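Colleague: Quick one, fold the following:
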Amino acid sequence: MTEALYVCPECGKEAILASSDPVPDCCGEKMKSRPLPFCRTAPNPEMARSDREDAPCDDGTGPRKS
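Modeller: Next up, the predicted model:
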């Protein structure tokens, strides 16, 4: 399933819907389509930090390479 992000140009409300769904209405007009934000978590689960969503995947606190 592909998702699409819609943003209301009047109030800024956001909605994430399936791309096959019709464009939603808000504040009396159609919402504008925006690209989804990029994924900030590495594809490898061992590299992701699960305790903080917006923390970097590698913060440099591991052992140094000699």
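Colleague: Near the nearest residue to E3 once chain neighbours are set aside, how many other residues are there?
Modeller: Leaving aside its chain neighbours, E3 sits nearest to I16 (5.4 Å; criterion: CB to CB, 6 or more residues apart in numbering). To be clear about C-beta, it is placed using only N, CA and C from the backbone, and glycine gets the same treatment. By other CB atoms under 10 Å, 9 other residues sit near I16.
Colleague: What strands line up against the helix or strand I16 falls within, and which way round?
Modeller: Assigned by DSSP states H and E, I16 falls within strand 14-18. The strands beside strand 14-18 in its sheet (DSSP bridges) come out as strand 3-7 (antiparallel).
Colleague: send the alpha carbons of the partner strand over as CSV?
Modeller: Provided in CSV are the C-alpha atoms of strand 3-7 (Å, rounded to 0.1, in the frame of the first residue of the first chain):
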residue,chain,number,x,y,z
GLU,A,3,0.6,6.3,1.3
ALA,A,4,0.3,10.0,0.5
LEU,A,5,0.6,13.1,2.8
TYR,A,6,-2.0,15.8,2.4
VAL,A,7,-1.8,19.3,4.0
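Colleague: So which bits of that strand are buried?
Modeller: 4, 6 (16 or more other CB atoms under 10 Å).
Colleague: Would you mind checking the average pLDDT for it?
Modeller: The pLDDT scores in strand 3-7 average 89.
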